[in-house]
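**Student:** Got a sequence here, can you model it:
(2 chains)
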Number of protein chains: 2
Amino acid sequence: MNQDYEKLAGHIEKMTALQTALTLFDWDAETIAPRDSLEMTARMVGQLSSLYFEALVNEEVKGLLQTLAKADDLTQAQAAVVRELSKTLSDLEKIPPEEYRAFRELQAQATTVWARAKQENDFDAFAPILSDMLSYVKKFAAYRRKEGQSLYDAQLDEYEEGFTKEVLDPFFALLKEKIVPLLKKAAAKNDSFDTSPLRQRFDLAKQKEFNRWLAAYIGFDFNRGVMAESEHPFTTELHNHDVRITNHYHEQAVENAIFSTIHEGGHAIYEMNVADELTQTPAGGGASCGMHESQSRFMENMLGRSLAFWEPVYPKLKEYFPQQLKDVGVEDFVRWINKAQPSLIRTEADELTYCLHVMIRYELEKELIDGHLSVEELPGAWNDRYEAYLGVRPQNDREGVLQDIHWSQGSFGYFPSYALGNAFAAQIYHAMKQELAVEECLRSGDLAPIRDWLKEKIHRFGQVKKTRQLLQEVTGEDFNPQYYIDYLIGKFTKLYGLEM
Amino acid sequence: MNQDYEKLAGHIEKMTALQTALTLFDWDAETIAPRDSLEMTARMVGQLSSLYFEALVNEEVKGLLQTLAKADDLTQAQAAVVRELSKTLSDLEKIPPEEYRAFRELQAQATTVWARAKQENDFDAFAPILSDMLSYVKKFAAYRRKEGQSLYDAQLDEYEEGFTKEVLDPFFALLKEKIVPLLKKAAAKNDSFDTSPLRQRFDLAKQKEFNRWLAAYIGFDFNRGVMAESEHPFTTELHNHDVRITNHYHEQAVENAIFSTIHEGGHAIYEMNVADELTQTPAGGGASCGMHESQSRFMENMLGRSLAFWEPVYPKLKEYFPQQLKDVGVEDFVRWINKAQPSLIRTEADELTYCLHVMIRYELEKELIDGHLSVEELPGAWNDRYEAYLGVRPQNDREGVLQDIHWSQGSFGYFPSYALGNAFAAQIYHAMKQELAVEECLRSGDLAPIRDWLKEKIHRFGQVKKTRQLLQEVTGEDFNPQYYIDYLIGKFTKLYGLEM
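**Tutor:** Predicted coordinates for the structure are as follows:
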């Protein structure tokens, strides 16, 4: 092995151990940590973050990375590690440590301020900290940006390399042109959906049992994973042999937990399939936020909301809830779980509306960062766009601009990944169907060929191959949003019996 | 604040953060970590241990501790921190780092080897690693021991400062003289106990609910604590605002989980009551293993197995299990949960037999360390003593010498703390009754005065006051095992209607 790489590997072990400890503290806080523990635990977490920072940002690591960037005897995986770590280091280095620390502290404060402002529906209480956060984000983006790059593009680059405004503007324009009118047509026909059987009482203990079964069914390996509960479902991992998902159970909405299981399961299976040589390195984990989201959305929507998926699965659900579902056939069930209903809350949105929620956030954050919109104007602009695109107007900021945590954390530029993920998924699904009888796999109750295909072509590479390279290699072309548009139009015109 | 102490505090924050991360990984491994994660996670844990070692054992910390040992402007808490940290450092320093690392690796291996040997009832498979472990322990004890000190005394000092063979020999001699015959007399009358109602099926979900109620009832604060499940119940803590206990539920032995709750609850309440200025420092946590055990045993046995305790609690248990307990009165219930039955497994032992299990281990490990007994002779010696003292002989090593994990981890000298804890508890209980109407508190269902008394006199001091000092101050005399003997004789002659 390259001797410098061997030295670097020692540093990486240290960083990874500290990073993993931080992940475990996060997991613990979201799942079981007691209410009054957070303040004292925060001090430990702060210490571990500093130790992580010191392990990464130092002259020895920097020197090794510079030498290794020129080495010609690295494996593909090693080269990816050097590339990813160099990027992280160079981004962090450009920020003065004291500004970075101040930013992290602001972030910690902002979580609480945002949560309280949301609870009390008080945007004015949140506005000052949002302004501060915005200033930091713009300042840091200015440190990082390449010559001539706009601040928002520098920000987008943090989450989805290469997906600049030049790519996203036409993508969201297409969504606006095609999906806004489709949603309005569909919504006008929603009277024909009577989903009341799904609003009965579904015992929580039974839901939990069914969802454990379902997670295993789609391929979540409980020998290498944990499923727990939290306020909002999420996926995290210590490494590819310890991947964790959470869920949240609602007594009168049995489908909520089900689609969380399939969605988080999609994320988790990606992580479980990353190669052993990559996990516990900076090139472990998924290729990008958007590629990760593509795997969860593919599982959740393209597979998980199809009739073929439910044919073998629905009888199992009926075993758990024979009373509630006695008059509900599988066709009705699948129709209901696909109902498109313009609504105010992104995380509760159906498949068709979802991308429009993201589109609104994209438009607004672009204007906030590039300076055409002020924090004061934000709530009004938010509500106006919901009315224009979705036909519903928030009655207060709690169900409007205060609903998401992202901006309070400085995560401007993250939202587009959610829509991109759906679009990647559609493009990948199209390619998969050329090679695999997907619906037959689903009907037979054996999802292994689908998982194997994804593992072989995407998952195992971790971050060795970047998202655009993966798209090119897996689908034979660059990012093409038309597949997503076609998928949505095809599915929902059929579901609603619409003319195109 | 003393400026050197301020510098030391910076180092302590780092050590504490790393130590807390290690605690969280341990907790996670015992409660929910997936089966196949352990090997990869072990690498991270190894890294964090090394970082902890580096944070503690270095010239800067050593220099600060030396200066601070002579400082006269430290608070009592600060002085205790300096004293405790100096002891840890000086113990560690005496061991060459490479030997320490080899020992830790052996320890990690030994866990697995022991578990498999136990499962397969194969002492021969365990013997070589036990011999290696014993060599390390003896070597390390030789590094640490004061002039003229025996190896076993040096080892005892690790767990219970000042409780040498000189103290323990007469203590265990007294137990042998008084308790061995008492147990035999009691056992002869066990036919009069028909505990079969407790062997019915008790729904696990209901048990969990009742035990959560019970934990809160005895004073476990769920805003500062977590209760989860694991193979063997234990208590751990991140700090005094995050104390965690586990339990294990048995369908046909409802009392198991109940007494685990009260036992671990006793440990937990101690930790929750440690002063804020001490938690997250090397002088946080309990005064010693034995003092910790005294608090759990006091709760479990002296309070938790008394009629006064159950008078207000038993109706609640009956609410949860009306069918199973319909013909069982509170007096019968309390009689049954005190049944003394010579048995083979320490962790399942009743209150009277328990100290004899410990006595056997004390005798054997003393001989192992000081060289009068070989590893080969150990299983036979174990079985002989069970037969002699308890009147029962293990049929295999699984229910004999392989039952406990302690020796596989090199924890020779730890067992006596378990018996000392019971004896401390009896001595403290005697003192408490001079000042507090304990039984009235129990009958009224309000345990707060008892907890407050313990907090005020013991818990809040963490490790500021050592165990012997606490005993002296709280009870007005040095350690006196007679209270424990009197307590056992009084309780069990009454329960069994024996003549003394």
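**Student:** which residues in the stretch 151-300 of chain A form helices?
**Tutor:** Taking DSSP state H, counting those that start in this stretch, the helices of the stretch 151-300 of chain A run over residues A:151-159, A:165-187, A:204-218, A:254-273, A:289-297.
**Student:** Packing partners of the second one?
**Tutor:** Translated: helix A:165-187. Secondary-structure packing of helix A:165-187 (3 or more CB pairs under 8 Å, 6 or more residues apart in numbering or on different chains; DSSP states H and E): helix A:151-159, helix A:351-370, helix A:415-435, helix A:482-496. C-betas here are computed from N, CA, C, even on glycine.
**Student:** Could you save these as JSON lines and add columns showing mean neighbour count and distance to residue A:338?
**Tutor:** Output for those, formatted as JSON lines (neighbours: other CB atoms under 10 Å in any protein chain shown; distance: least, CB to CB, whole Å):
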{"stretch": "helix A:151-159", "mean neighbour count": "22", "distance to residue A:338": "29"}
{"stretch": "helix A:351-370", "mean neighbour count": "22", "distance to residue A:338": "7"}
{"stretch": "helix A:415-435", "mean neighbour count": "22", "distance to residue A:338": "14"}
{"stretch": "helix A:482-496", "mean neighbour count": "18", "distance to residue A:338": "6"}
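**Student:** quick one: which of these is nearest residue B:199?
**Tutor:** Residue B:199 sits nearest to helix A:351-370 of all the helices and strands packed on helix A:165-187, at 53.8 Å, using CB to CB.
**Student:** what angle sits between the closest one and helix A:165-187?
**Tutor:** Between helix A:351-370 and helix A:165-187, the angle comes out at 140 degrees (axes from the mean of the first three to the mean of the last three CA atoms, to 10 degrees).
**Student:** Give me the average confidence score over helix A:351-370.
**Tutor:** Over the span of helix A:351-370, the pLDDT mean works out to 97.
**Student:** other SSEs contacting that helix?
**Tutor:** For helix A:351-370, the contact count by 3+ CB pairs under 8 Å, 6+ apart identifies helix A:123-144, helix A:151-159, helix A:165-187, helix A:378-385, helix A:415-435, helix A:482-496 as packing neighbours.
**Student:** So what's the gap between it and the chain middle?
**Tutor:** Centre-to-centre, helix A:351-370 and its host chain are 15 Å apart (CA atoms, centre = their mean, to the nearest Å).
**Student:** May I have that helix as PDB, with CA atoms only?
**Tutor:** Provided in PDB are the C-alpha atoms of helix A:351-370 (Å, rounded to 0.1, in the frame of the first residue of the first chain):
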ATOM      1  CA  GLU A 351     -46.300  11.800  -4.900                       C
ATOM      2  CA  LEU A 352     -47.700  14.300  -7.400                       C
ATOM      3  CA  THR A 353     -47.800  17.400  -5.200                       C
ATOM      4  CA  TYR A 354     -44.400  16.700  -3.500                       C
ATOM      5  CA  CYS A 355     -42.200  18.200  -6.300                       C
ATOM      6  CA  LEU A 356     -44.200  21.400  -6.200                       C
ATOM      7  CA  HIS A 357     -43.500  21.900  -2.500                       C
ATOM      8  CA  VAL A 358     -39.900  21.600  -3.400                       C
ATOM      9  CA  MET A 359     -40.200  24.000  -6.300                       C
ATOM     10  CA  ILE A 360     -41.600  26.700  -4.100                       C
ATOM     11  CA  ARG A 361     -38.700  26.300  -1.700                       C
ATOM     12  CA  TYR A 362     -36.200  26.400  -4.600                       C
ATOM     13  CA  GLU A 363     -37.600  29.600  -6.000                       C
ATOM     14  CA  LEU A 364     -37.600  31.300  -2.600                       C
ATOM     15  CA  GLU A 365     -34.200  30.300  -1.300                       C
ATOM     16  CA  LYS A 366     -32.600  31.200  -4.600                       C
ATOM     17  CA  GLU A 367     -34.000  34.700  -4.300                       C
ATOM     18  CA  LEU A 368     -33.100  34.900  -0.600                       C
ATOM     19  CA  ILE A 369     -29.400  33.900  -1.200                       C
ATOM     20  CA  ASP A 370     -29.000  35.900  -4.400                       C
END
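**Student:** now the angle between helix A:482-496 and it, please.
**Tutor:** Using the same axes, to 10 degrees: helix A:351-370 against helix A:482-496 is 140 degrees.
**Student:** Let me know which of the helices and strands packed on helix A:351-370 is the nearest to residue A:356.
**Tutor:** Nearest of the helices and strands packed on helix A:351-370 (CB to CB): helix A:165-187, 6.2 Å.
**Student:** Please enumerate residues in contact with the closest one?
**Tutor:** Outside of helix A:165-187, the residues within contact range by CB atoms under 8 Å, 6 or more residues apart in numbering or on different chains are A:150, A:152-153, A:156, A:340-342, A:352-353, A:355-356, A:359, A:362-363, A:366, A:389-391, A:416, A:419-420, A:423, A:479, A:481-482, A:485, A:488-489, A:492-493, A:495-496, A:498.
**Student:** Quick check: buried residues in it?
**Tutor:** Neighbour-count burial for helix A:165-187 flags A:165, A:167-168, A:171-172, A:175-176, A:178-180, A:182-183, A:186-187 (criterion: 16 or more other CB atoms under 10 Å in any protein chain shown).
**Student:** That helix vs helix A:151-159, what angle?
**Tutor:** Going by the same axes, to 10 degrees, helix A:165-187 makes 80 degrees with helix A:151-159.
**Student:** Surely residue A:301 touches residue A:422?
**Tutor:** Yes. Using CB atoms under 8 Å, residue A:301 is in contact with residue A:422, at 7.4 Å.
**Student:** Please convert the helices of the stretch 151-300 of chain A to TSV, extending it with mean pLDDT and distance to residue A:35.
**Tutor:** Below are those laid out as TSV (pLDDT from 0 to 100; distance: least, CB to CB, whole Å):
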stretch	mean pLDDT	distance to residue A:35
helix A:151-159	95	32
helix A:165-187	96	40
helix A:204-218	97	21
helix A:254-273	97	24
helix A:289-297	98	30
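**Student:** Which positions in chain A make contact with chain B?
**Tutor:** Within chain A, the positions adjacent to chain B are A:13-14, A:16-18, A:20-21, A:24-25, A:28, A:32-37, A:39-41, A:43-45, A:47-48, A:51, A:205, A:222-226, A:228, A:238-242, A:279-280 by CB under 8 Å from any CB of the partner chain.
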